[in-house]
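Trainee: For reference, the sequence and a predicted model appear below.
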Amino acid sequence: MKKNLILVPSPKQKKILLLIAWGFATYLLFLCFREIELEQAWNNIKQVHPLWLFLGIAGHFSIFIFWAKQWI
């Protein structure tokens with residue numbers, strides 16, 4: 001009877017996989033932002049209401065609290 005083996009990549013393979021993942025993520029960011037006009041984006045960022053910005057950031061980080069509570 002054969003046992004299922006879990007193959008763990010070597011440190012060199014991990015570095016290569018990390019480099020590939022980093023390159024792919026960078027390419028995806030490039031695709032997302034290639035047609036954005038930086039001046040217009042900066043003007044829009046300057047017009048953001050601080051309360052909405054705070055609520056957005058607080059909501060984002062509150063997700064981590066709820067994720068942590070799932071494991072307690």
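Mentor: All right, it came through fine.

Trainee: any idea which residue sits dead centre in the chain?
Mentor: For the chain, the residue nearest the mean C-alpha position is residue 25 (8.7 Å; C-alpha atoms, centre = their mean).

Trainee: and it, what helix or strand is that in?
Mentor: Assigned by DSSP states H and E, residue 25 belongs to helix 11-33.

Trainee: now the next helix or strand after that helix and helix 11-33, what's the angle there?
Mentor: Downstream of helix 11-33, the first helix or strand assigned by DSSP H and E is helix 38-46. Angle, helix 38-46 to helix 11-33, by axes from the mean of the first three to the mean of the last three C-alpha atoms, to 10 degrees: 90 degrees.

Trainee: which is the next helix or strand following helix 38-46?
Mentor: helix 50-71.

Trainee: Distance from the chain centre to that next one, please.
Mentor: On the basis of C-alpha atoms, centre = their mean, to the nearest Å, helix 50-71 sits 15 Å off its chain's mean C-alpha point.

Trainee: ok, the residue nearest to the centre of the chain - contacts?
Mentor: Residues counted as contacts of residue 25 (C-beta atoms under 8 Å, 6 or more residues apart in numbering): none. Quick note: C-beta positions are derived from backbone N, CA and C, even for glycine.

Trainee: Distance-wise, check it relative to residue 31.
Mentor: Distance, residue 25 to residue 31, by C-beta to C-beta, to the nearest Å: 11 Å.

Trainee: Check residue 3 too.
Mentor: 43 Å.

Trainee: do residue 56 as well
Mentor: 24 Å.

Trainee: quick one, what contacts residue 33?
Mentor: Residue 33 neighbours (C-beta under 8 Å, 6+ apart): none.

Trainee: Which pLDDT value goes with it?
Mentor: Note on residue 33: pLDDT of 91.

Trainee: ditto for residue 3
Mentor: 70.

Trainee: And for the one 3 residues further on?
Mentor: Residue 6 is assigned 78 on the pLDDT scale.
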